[in-house]
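In: Got a sequence here, can you model it:
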Amino acid sequence: GLNSADNGSIRDVSTDAAIPKVGRLMMDMLVMALACDITGVATLQWSDTEAKHTFPWLGLKEHHHFYQHDGGFRPDECAAIGTWYSQQHAYLLDAMTKVDMGGHSLLDESVVFFGSELQDPSSHGKHNMPFLLAGGGGGMRGGRWLRYGGRSHNELLVAILRLFGDTRMTFGDPAHCKTPITNLT
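Out: Have a look, this model is predicted:
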């Protein structure tokens, strides 16, 4: 969507078609940068919040935001897009698992956060957001489903920082960050 209009009136389908290939290359570079200790923190964001790129490899000709809201909420198309993003996340986790860091994997010493900025695409709701954390970095204990009753995701981000020794108690707007979430270890 490099040359796409925010409202979807102009599409950049040729660039959009390269997203899966470029995404895999970016994930591979991210894994190698972490494994080689070139960086200790990395971010991979597939789209901006306008989600103006199309998904030609999924047979979806409109931009993501169209299926979420602009064209009326379309759950089947949103599910296909969400499934594809989840498959990419699984690829990243698998790649990190395959990197031996001396008897344990890169994923074992990392925390990977996966989520979206929206809980409910049709209303742009941001309450009870589902996030997935993977890895064992900072002593995080996985394999669990945790519910935090409407707590702010800022409090989750502070909890992740604290896994790695950061002592701050807030992240972002303090009005949305009372105390760090507990029970990650």
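In: in which helix or strand would I find Glu155?
Out: helix 153-163 (DSSP states H and E).
In: Which elements pack onto that helix?
Out: Counting contacts by 3 or more Cβ pairs under 8 Å, 6 or more residues apart in numbering; DSSP states H and E, helix 153-163 packs against strand 111-114. In this view, the C-beta of every residue, glycine as well, is placed from N, C-alpha and C.
In: now the helix or strand following the strand it packs on: mean pLDDT?
Out: Per DSSP H and E, the first helix or strand lying C-terminal to strand 111-114 is strand 132-135. Strand 132-135 shows an average pLDDT of 95 in the prediction.
In: Check stretch 24-31 too.
Out: Stretch 24-31 comes out at a mean pLDDT of 97.
In: Now stretch 139-151 - C-alpha only, PDB.
Out: Output in PDB follows, covering the C-alpha atoms of stretch 139-151 (Å, rounded to 0.1, in the frame of the first residue of the first chain):
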ATOM      1  CA  GLY A 139      11.500 -15.900  33.300                       C
ATOM      2  CA  MET A 140       8.100 -15.600  31.600                       C
ATOM      3  CA  ARG A 141       6.000 -18.700  32.000                       C
ATOM      4  CA  GLY A 142       4.000 -19.700  28.900                       C
ATOM      5  CA  GLY A 143       1.400 -22.300  28.100                       C
ATOM      6  CA  ARG A 144      -1.400 -20.400  29.900                       C
ATOM      7  CA  TRP A 145      -4.500 -18.400  29.100                       C
ATOM      8  CA  LEU A 146      -4.700 -15.400  31.400                       C
ATOM      9  CA  ARG A 147      -7.500 -12.900  31.700                       C
ATOM     10  CA  TYR A 148      -7.000  -9.600  33.400                       C
ATOM     11  CA  GLY A 149     -10.600  -8.200  33.500                       C
ATOM     12  CA  GLY A 150     -10.300  -5.100  31.300                       C
ATOM     13  CA  ARG A 151      -6.900  -4.000  32.500                       C
END
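In: so where do the helices sit in this structure?
Out: Here the chain has its helices, by DSSP state H, at 13-16, 19-35, 64-65, 75-97, 153-163.
In: what angle do the fourth one and helix 19-35 make?
Out: Which is helix 75-97. Relative orientation of helix 75-97 and helix 19-35, computed by axes from the mean of the first three to the mean of the last three Cα atoms, to 10 degrees: 30 degrees.
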